[in-house]
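> With the sequence up front, the predicted model follows.
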Amino acid sequence: MNMVERHPLLKATTLVLLMLSLVFALGPIYLALCSASVTSHQILLHGLALLPGKYLWENLSAVLHRADIGHMLVNSCVVSLIVVAGKLALASTSAFAAVYFRSRVRHLVFWGTFITLLLPLEVRIVPTYAVASDLFEPLRSILTLFTGLHLHASLNLLDSYTGLSLPLMASATGTFLFRQFYLTVPAELSEAARMDGAGPVRFFVDILLPLSKANFAALGTIVFLTTWKDYMWPLVAISRPEMRTISLGISTFLPTETGQPPEWNLVMAAALIALAPPLVVIGLTQRWFVRGVTGVGK
Amino acid sequence: MKSSARFHGRWTPFVLGLPQLMLIVLFFYWPTLKGWWWSWHLECPFGHCSTFVGFGNYARELKDGSFYASLLTTAVFSALSVSLSVLVALLLAGMVELHQRSGKLFRNLLIWPYAVAGSVLGVILKVAASPSIGLMGYLNTLWPGFWQPHLSGVQAMSMVVFAFAWTQIPFDFIVLVAALRSIPTDYMAAAAIDGAGPLRRFIDIQVPMIRPQLFFVAMINLIDSITNSFAIIDTMTQGGPGGATDILAYKIYRDGFIGLDLSGSSALSMLLMLLVLAVSAVQFVMFERQARREA
Amino acid sequence: MSGAAIQVRGLSKRYGERTVMEQLDIDFATGQFTVVLGPSGCGKSTLLRVIAGLEEADQGTVSIGDVDMTRTPPQSRGCAMVFQNYALYPHMSVRDNIGYALKLAGLDRVERERRIGEAAELLGLRDLLDRKPTQLSGGQRQRVAIGRAIARRQRVLLFDEPLSNLDAKLRHDMRMELRRLHNEIGATTIFVTHDQMEAMTLADRVVLLNKGQVEQAGTPMALYHQPRTTFVAGFIGTPPMNVLTAHHEGDYATIEDGGRLHVDQRASQRTSMMIGIRPEAIALDAPNGIIATLDAIEDLGSHRVIYVRIGRQRVLAIDHGRRPFQPGETLSLGFPPDAICCFDAATGERMARVAEVQA
């Protein structure tokens, strides 16, 4: 709103405060950038760099040539994309089932998924680890309980892309975003489609999906970012170094107590590489990202 | 919304909802039940023997001083980080809305930290806070031996509080900016005509009107601080020094995966779940009340 | 394209505790334009949606063209529908909106194009075919919605308050156009509205619903001149019919503080009755008429609306003359005998007509 008002002092003060907060907000990123562009010797001598140096490309390529960070980037990309694809598919279809049908399944889907909002993965991390290490255990238990038979199949999902991504998909945030959206789609639209001879699947594919484009973009952005940043689940689900994601692997760059003289510049270069892809995603999808944050509630 | 259903069909909704339900059963309900079961049994570490011990595991944890220490640490960490992030985000949102032209630039830049993973920030800040080469090292040249986050519990705690709040602010900020923009301009115009300046309007009109969203972000932050602060703690302090930053989620991880005490960590998990559920219940009740007031 | 007759028998519908309609019977004749009229909540939309198959009735049957369609899904009933908010698919062009049902019905491209072209021609949409609904004005969207319905060439056309989102001028134009379209197409048409003006101008036959029951069904003029109940009298016409309480004794009706009217019914003892008279039927300067006090005048240019009181009862009259009036003035109103409707005070139903002014 543009009112005719003159508050030069307030404007100036808040502008200074905003700039100060920008220093805090971007400080860590800036610090990583500066220290990643000087030599290790310089840091040991003068402390962390506060101005950019000349060796950024050298340091970045030095880090990238350590084969493991390439692996980590690939792993992060693969897992994030799997989770994005899976969540979008599951969320859009399950929300459709929850909104557009009267059957009792609709309540089952709604409440069954609603509960998952209440308990994040982190509070059930230990048993989730156990389930992922032996996926068929519930099946075996149920079989033994009801038939007395003993099944000997087992499937260990740890150290695999499947194991990394499936538990991250098992939450309801996406379903709720789509449910909210479907509820705003006028009921007349689905009625018109029914009059036109479209069944539920046709309506979903021909009408609802094209209308949901913005929601796909918004949810996809958020899910990509949260999966990329996830730390705890990869930490427990991964033991083979070549399966590490970048957010998990970044801590391996910290020097150990008894190791070589620490190469801080390379640590910061690795941090820079780890935060660059999500930063690019935010930069490119600003609109969807903001929309996703306000819609999903993180 | 009309109460009528739009499509009929017994199997279509089932088929559409099934994949999601299966996944949730497998990775949500089953682990939760399993944790519940373990919490009442004494388990060999990932072995196949178990004995029912009733309240035994709970009693053991509740008698253990480290549980209460961890609970207190969690409370302090959550209270500080939540109030810091919500307060800063609110002020930032208010200030950004005050500036017509530069506001957009600030809005776009202030959400960048959302890209930084907790672990990445942890690593950067750990380096930055290092007494030997980091920024705070300058303090030690003024007061030798002042900055020792690996020794001082207070310093370690303030470090992780700052770090965690930093990761939360972009989310809060985005939500609160959206909330401020949704206030009908008529209210602001009316207040301006009544003689309220920008500061008064912020305190008397804007803040009260976005109270639901303030409450919302506070609750999200609270649950996140209990569950999602793990990466920062693990990369920066590992719960130390001397347990000063050993919040419950971290203790559960240590007991379960490093100490291999499944029963104890499951009992702790159940207590943590209760805590999170209590927070969610409060949130739910408040939202219902709000919705009823608006209806 | 020819229409199909529709029979609704014993229709009942409840939403939870609320009963919308109970044992409703209605017929719609082949090729007729029927307007289902009623206040909001009277069940008219529900009736339409049950006929369309969008909603299931709790009891009762719907047959279309002498085939029981109670359990038939909407797309197989041979009905097309125009929705209140148009329900155009936002991401499809006008062409695709009109052609979607045809595509689903399995028509080949050539036939589809031909039908889309025809509908576009009929509704003047030829230049808009490649636009998206957001690029259209309200009136244009309305045309597309109608085009989508008629391109399917169904035997039954259903309209759910389709004009309520248009401004007054457009509404008038669309009424004329709908009437013209109906004459060309000849499908059985059911048009639901709460606007009695639409009913009067569009309908071959009006069905006035109240609380899920048929209050009166007939030609617009029958409803206007011979309302079966005081409800119909009060619902049809702007301004509606005046309804006054009176005492019936012998063959006279006495309006308190006003005077007596002769009616042709005898009451052996003094009872209450209602007198109905249209505002435009009232003569303002009748000798020995009903005594009334003038309250206010609204001059609309073409005519004047005169607000008067007879005792404590308010009456509206319409005057086409030029004589100056003063508020507070006493008038002598003439009620022409053939314009008077008598209603039973207890049931609200019309008794008979005839009366004569007597001093």
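That came through fine.
> Which positions in the stretch 51-200 of chain C make contact with chain B?
C:54-55, C:73 (CB under 8 Å from any CB of the partner chain). C-betas here are computed from N, CA, C, even on glycine.
> Using PyMOL, define a selection of the buried residues within those residues.
PyMOL command restricting those to the buried ones, with burial defined by 16 or more other CB atoms under 10 Å in any protein chain shown:
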select buried, chain C and resi 54+55
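> And the residues of the stretch 51-200 of chain C next to chain B, which is closest to chain A?
Compare each of these with chain A using CB to the nearest CB and the shortest gap goes to C:Leu54, at 5.1 Å.
> Leaving out chain neighbours, which residue sits closest to the closest one?
Sequence neighbours aside, A:Glu191 is the residue nearest to C:Leu54 in space, at 5.1 Å (criterion: CB to CB, 6 or more residues apart in numbering or on different chains).
> So what's the residue count around the one you found?
Neighbours of A:Glu191 under the rule other CB atoms under 10 Å in any protein chain shown: 23.
> Touching, it and B:Phe7? I think so.
No. A:Glu191 is not in contact with B:Phe7 according to CB atoms under 8 Å; the separation is 10.3 Å.
> before we move on, back to that, ok, the residue nearest to C:Leu54 - contacts?
B:6, C:49, C:52, C:54, C:74, C:81, C:83, C:87 (CB atoms under 8 Å, 6 or more residues apart in numbering or on different chains).
> Let's have those residues in JSON lines, adding pLDDT.
Formatted as JSON lines, the contacts of A:Glu191 follow (pLDDT from 0 to 100):
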{"residue": "B:Arg6", "pLDDT": "73"}
{"residue": "C:Arg49", "pLDDT": "91"}
{"residue": "C:Ala52", "pLDDT": "91"}
{"residue": "C:Leu54", "pLDDT": "88"}
{"residue": "C:Pro74", "pLDDT": "87"}
{"residue": "C:Met81", "pLDDT": "92"}
{"residue": "C:Phe83", "pLDDT": "91"}
{"residue": "C:Ala87", "pLDDT": "90"}
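> Any figure for the gap between B:Phe27 and A:Trp111?
17 Å (CB to CB, to the nearest Å).
> which one of the two has more residues nearby?
Using other CB under 10 Å, the more surrounded residue of B:Phe27 and A:Trp111 is B:Phe27, with 25 against 10.
> Residues contacting the longest helix along chain C, please?
Longest helix in chain C, counting residues (DSSP state H): helix C:168-185. Helix C:168-185 has contacts (CB under 8 Å, 6+ apart) with C:1, C:33, C:122-123, C:138-139, C:142, C:146, C:150, C:157, C:159, C:162-163, C:166, C:189, C:191, C:198, C:201-202.
> same question for the helix or strand just after it, mean pLDDT?
Going down the chain from helix C:168-185, the next helix or strand is strand C:188-193, by DSSP states H and E. Mean pLDDT, strand C:188-193: 94.
> Would you mind pulling the contact partners of the helix or strand following strand C:188-193?
Stepping forward along the backbone from strand C:188-193, the first helix or strand reached (DSSP H and E) is helix C:196-202. Applying CB under 8 Å, 6+ apart, the external contacts of helix C:196-202 come out as C:33, C:35, C:37, C:163, C:171, C:175, C:178-179, C:191, C:193, C:206, C:208, C:220, C:223-224, C:235-238.
> Surely C:Val308 and C:Leu294 touch.
Yes. Using CB under 8 Å, C:Val308 makes contact with C:Leu294 at a distance of 5.3 Å.
> so where's the stretch 151-298 of chain A uncertain?
Along the stretch 151-298 of chain A, the parts satisfying pLDDT under 70 run over A:151-153, A:256-261, A:296-298.
> do that again at 50, thanks
Within the stretch 151-298 of chain A, the stretches with pLDDT under 50 are A:298.
> Also the stretch 51-200 of chain C?
In the stretch 51-200 of chain C, no residues with pLDDT under 50.
> Would you pull up how far stretch B:275-283 lies from the middle of the chain?
Distance of stretch B:275-283 from the chain centroid (CA atoms, centre = their mean, to the nearest Å) equals 13 Å.
> C-alpha coordinates for it, PDB please?
Extracted in PDB, the C-alpha atoms of stretch B:275-283 (Å, rounded to 0.1, in the frame of the first residue of the first chain):
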ATOM      1  CA  LEU B 275       5.800 -34.700  23.900                       C
ATOM      2  CA  VAL B 276       5.400 -34.100  20.200                       C
ATOM      3  CA  LEU B 277       1.800 -35.300  20.300                       C
ATOM      4  CA  ALA B 278       1.100 -33.000  23.200                       C
ATOM      5  CA  VAL B 279       2.400 -30.000  21.300                       C
ATOM      6  CA  SER B 280       0.400 -31.100  18.200                       C
ATOM      7  CA  ALA B 281      -2.700 -31.400  20.400                       C
ATOM      8  CA  VAL B 282      -2.300 -27.900  21.800                       C
ATOM      9  CA  GLN B 283      -1.800 -26.600  18.300                       C
END
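> So which bits of that stretch are buried?
For stretch B:275-283, burial by neighbour count (16+ other CB under 10 Å) applies to B:275-276, B:279-280, B:283.
> got those as CSV, with pLDDT, secondary structure and distance to A:Leu48 columns?
Formatted as CSV, those follow (pLDDT from 0 to 100; DSSP: H, G, I helix; E, B strand; the rest coil; distance: CB to CB, whole Å):
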residue, pLDDT, secondary structure, distance to A:Leu48
B:Leu275, 86, helix, 38
B:Val276, 85, helix, 38
B:Val279, 83, helix, 38
B:Ser280, 80, helix, 41
B:Gln283, 78, helix, 41
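> Give me the number of neighbouring residues for the closest residue to chain B within the stretch 201-350 of chain C.
Using CB to the nearest CB, the single residue of the stretch 201-350 of chain C nearest to chain B is C:Gly212, 17.0 Å away. The tally of other residues near C:Gly212 (other CB under 10 Å) stands at 21.
> Excluding chain neighbours, what is closest to it?
Using CB to CB, 6+ apart, the nearest residue to C:Gly212 is C:Met21, at 3.1 Å.
> Repeat that for A:Val236.
A:Val236 sits nearest to A:Tyr129 (CB to CB, 6+ apart), 5.0 Å away.
> May I ask you to confirm that that neighbour is in contact with A:Leu235?
No. Between A:Tyr129 and A:Leu235 there is no contact under CB under 8 Å: 10.1 Å.
> Next one, pLDDT for residue 19 please.
The chain I'm using is chain A. So, for A:Met19, pLDDT stands at 89.
> hm, I was asking about chain C
Confidence score, pLDDT, at C:Thr19: 88.
> Next up, the contacts around the spatially closest residue to it that is not a sequence neighbour.
In this structure, C:Thr19 finds its nearest non-sequential neighbour in C:Gly212, 6.9 Å apart by CB to CB, 6+ apart. Contacts for C:Gly212 were tallied using CB under 8 Å, 6+ apart; they are C:13, C:19-22, C:24, C:42-43.
> C:Gly250 too?
C:266-267.
> who's it bridged to?
Per DSSP bridges, the residues bridged to C:Gly250 are C:Ala267.
> so how many other residues sit close to the residue of the stretch 251-359 of chain C found nearest chain A?
Residue of the stretch 251-359 of chain C nearest chain A, by CB to the nearest CB: C:Gly348 (36.0 Å). A total of 17 residues lie near C:Gly348 under the criterion other CB under 10 Å.
> Quick check: the closest residue to it other than its chain neighbours vs A:Asp134, distance?
Nearest residue to C:Gly348 in three dimensions, chain neighbours excluded: C:Thr230, at 4.4 Å (CB to CB, 6+ apart). Here the criterion is CB to CB. By it, C:Thr230 lies 78 Å from A:Asp134.
> repeat for C:Gly53
In terms of CB to CB, C:Gly53 sits 51 Å off from A:Asp134.
> Then C:Glu198?
In terms of CB to CB, C:Glu198 sits 69 Å off from A:Asp134.
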